[in-house]
Every structure is written in C-alpha cells, then in structure tokens.
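Engineer: need the 3D shape of this:
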Amino acid sequence: MNSRLVAITRKELIHILRDPRTLAVMILMPVVQIFLLGYAATTDIRHLNAAVYDADRSAASRALIEAYRASEYFALNYFVGSEKELGELLDRGDIRAAMIIPAGYAEHLARGETAQVAFLLDGSDPAVAGTANAAAQTIGQAHNTRILQQKVGVDVTALGGIEIRPRVWYNPELKSANFMIPALLGLILQFLTILFTAQTIVREREQGTIEQLVVTPIRSWELIVGKLIPYIGIAFFNLAEILVLGILIFGVPVRGSLTLLAFTSFLFLLTTLGLGIFISTIAHSQQEAMLITFLINLPGIFLSGFFFPIEAMPLPLQFLSNFIPLRYMLVILRGIVIKGIGIEPILSPVIALTIFGFVILIAASLRFRKSLE
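Structural biologist: The predicted structure is shown next:
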C-alpha cells in the first residue's frame, strides 16, 4: 500500500483519538438520534400514488374507479393488466396502494350480492398505510351507499354492495419503527460524514497544518483519500450500530442483503464525503462549516421523503427533491431493509446515487485541489 497514504491516514486516526469528545459525539450521536426520531415522527398524506387492476372492465367498475379518482387521497396514475404488475410497482416504490377489481364485480352487484374489492397497501410507511386504509374504507362505503340509494323499494337488508378488503404488504403490523429506522441510516450517514469531513479539513487550515502538508511530497488525491478513509470506517461502524440497535430494541427485521446494503451505502458516502470536501473549500472556520452543513442537511431531510411523502408535496418541491441524494438512498434503504428486494427494483436510484457520487466527489476534489494551490 502507498506509504504516504498510510502515513496521512495514520495521522488522521491519531488526531481523532486525541480528541475523545469529538469521537464520542460521532459514536453516541446515532444512539441519541435513533431514540429521538425512532419514536417521534408522524406523517399525513394526500394524492397517494396508486394503481388499478380492473379485471371486470364494466360500467360498475369504472364508476368505482372514478369514486377513488375523485377523492383527494389517491392519485390513480397506473392502470395495469395483471396482479404481477401491481407487485412490481409496489416493490419499486412507484405506488403506495393498489386496487384490484375482480372479474364478475358488476354481476355480483346486479344480483344483490356482495362484491369484494382487494386493496393492497405498502406498509413500509405505517402512517401512510394507516391513512390509506381508512381512506379506502371510507370511499368504498360512500360509493356503496350511493349504489344502495339507487335501488329504491328494495329491502336494504337483502342488498349486497361493496366490501373493501385491505391487505398490507411488507409491514403488516404497521410499526412506525420499521419505517423510521432504515431512514435514520441514510440521515445519520449524511449528517455525520458531511459535518466531520468538512470540519476536519477546515481545522487543518485554521491550525496552519494544511500548508505544511501541501509542501510535502504528498499528492493532493493522497491527502484527500487519506483524510477520508477514517471517516468511511466510522460511517460503516455507525451503519452497523444503527442496524443492531434497530433489531434489538425496536425489533426491525432486515429482510434484504447486507452486502447490497453495504454497497449502496458506499455509493451514498461518495456523495456525502464529496459535499463535506466542498464545504471545506468555502468555509473559513469550523463554526462556519457546521452552519453550512446544517443549511445543506435541512432541505435534504424535508425534501427526501424522510418525514413526508414526496407525492404529497407541491410540484415545485417534488421537482427539487430530484436533486436530493438522500431521496434515492431512502428508497434503497427501505427497499432492502423492509421489503427485502434485490438490485433490480432499486436499479434507478442506485444509478442516480452513482452519478451524484462521482460528479460531486470529482467536482469537490478539483475545487479542493485549486484551494491548495
């Protein structure tokens, strides 16, 4: 291994160990955040992305679809030809709910029998699923009442009507911890890596040691990589720490591949470490670096889908969320941990993270190199 790279990495590790308070903050902060946020967050939704599989294709089934389309709770953006397609949309996170109208739906209503309609819900976000469940039942009952009112003079007790049968996927118990803990993985990785990467380089500049390093034979890329390696190690320690606490304390099941989780986390770290380097080139003090870090992190928290569903936001904010790397990481984390899916359903966010990571890291490295000249 490159001896100069080993030397700069060793130097940074010694510096971390000589500052036990900072090291304690890096290790204990995830524990504090997981307890505070794991119990506290709630959500409310409107215009939930939903899909419909209409196997009946009748006037009655179209009337039911229109009843759900007219509500403010569901946005019926997908019409599919099979239940398999519904499952694929739910796996990818493109939809949060799906309605299945079976063949023979109109015939059952015409004969005064009960027509059952299945309603699939993505339970990975329990608050959203709970709201969607209640909305699905309410809309179905209201439509059922309208149908019965049209049958004047008939014994109401002999009438059939509609029965909505919800089925919750991925998180049938609707535990909020199953939704929050995976998201905390991404949030804590972003916050810690950006904050401490930016501060450590600014600290070198404040102490005047960065100039001493520049005049040594160490190349700029060796300086950058050597300073980042310890924080990558700490970030993966935090990742394992949160997973263990989530499993032992909150009972969160990890259904997907840990290897895939580690790989995608590394891609995300390329982005956050790049942002940390970028902040270090524009901040003149550690306090300023901290303020800029909070300035970057706060929009990411609220526009990434961490607290609120993106589809419930105004369209301009939905557009801005496309430029938030944490948005894609949350889709990946919840897909792997809660749904247990593989690489294929999350391929799009993985590609987006890869592009973000390399572009930001390269741009930040070039700016950092320029600031050393």
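Engineer: next up, the contacts around residue 202.
Structural biologist: Counting by Cβ atoms under 8 Å, 6 or more residues apart in numbering, residue 202 touches 280, 283-286, 288-289. C-beta coordinates here come from the backbone N, C-alpha and C atoms, glycine included.
Engineer: per-residue pLDDT, it?
Structural biologist: On the pLDDT scale, residue 202 is placed at 81.
Engineer: same check, this time on residue 268
Structural biologist: For residue 268, pLDDT reads 92.
Engineer: and it, what does it touch?
Structural biologist: Applying Cβ under 8 Å, 6+ apart, the residues near residue 268 are 186, 189-190, 325, 329, 332, 353, 357.
Engineer: separation between it and residue 82?
Structural biologist: 34 Å (Cβ to Cβ, to the nearest Å).
Engineer: try residue 346
Structural biologist: 22 Å.
Engineer: which of the contacts of residue 202 fall within helices?
Structural biologist: 280, 286, 288-289 (DSSP state H).
Engineer: need the residues you listed in JSON lines (columns: distance to residue 112, neighbour count and pLDDT).
Structural biologist: Output for the ones in helices among the contacts of residue 202, formatted as JSON lines (distance: Cβ to Cβ, whole Å; neighbours: other Cβ atoms under 10 Å; pLDDT from 0 to 100):
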{"residue": "280", "distance to residue 112": "72", "neighbour count": "26", "pLDDT": "83"}
{"residue": "286", "distance to residue 112": "74", "neighbour count": "18", "pLDDT": "80"}
{"residue": "288", "distance to residue 112": "73", "neighbour count": "15", "pLDDT": "77"}
{"residue": "289", "distance to residue 112": "71", "neighbour count": "24", "pLDDT": "82"}
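Engineer: so which of the residues you listed comes closest to residue 166?
Structural biologist: Taking Cβ to Cβ as the measure, residue 166 sits nearest to residue 289 out of the ones in helices among the contacts of residue 202, at 48.2 Å.
Engineer: name the nearest of the contacts of residue 202 relative to residue 201.
Structural biologist: With Cβ to Cβ as the yardstick, the closest approach to residue 201 among the contacts of residue 202 comes from residue 280, at 3.7 Å.
Engineer: what about the spatially closest residue to the closest one that is not a sequence neighbour, which SS state?
Structural biologist: Leaving aside its sequence neighbours, residue 280 sits nearest to residue 201 (Cβ to Cβ, 6 or more residues apart in numbering; 3.7 Å). When classified by DSSP: H, G, I helix; E, B strand; the rest coil, residue 201 comes out as helix.
Engineer: now do the contacts for residue 201.
Structural biologist: 210, 227, 276-277, 280, 368.
Engineer: what about the strands in the stretch 151-300 of the chain?
Structural biologist: Using DSSP state E, counting those that start in this stretch, the strands of the stretch 151-300 of the chain run over 161-169.
Engineer: list phi and psi for the residue lying closest to residue 243 once chain neighbours are set aside.
Structural biologist: Distances taken as Cβ to Cβ, 6+ apart place residue 254 nearest to residue 243, at 6.4 Å, with adjacent residues excluded. Phi and psi for residue 254, reported as degrees, to the nearest 10, are phi -100, psi 100.
Engineer: surely residue 254 touches residue 242?
Structural biologist: No - Residue 254 is beyond contact range of residue 242, at 10.9 Å (criterion: Cβ atoms under 8 Å).
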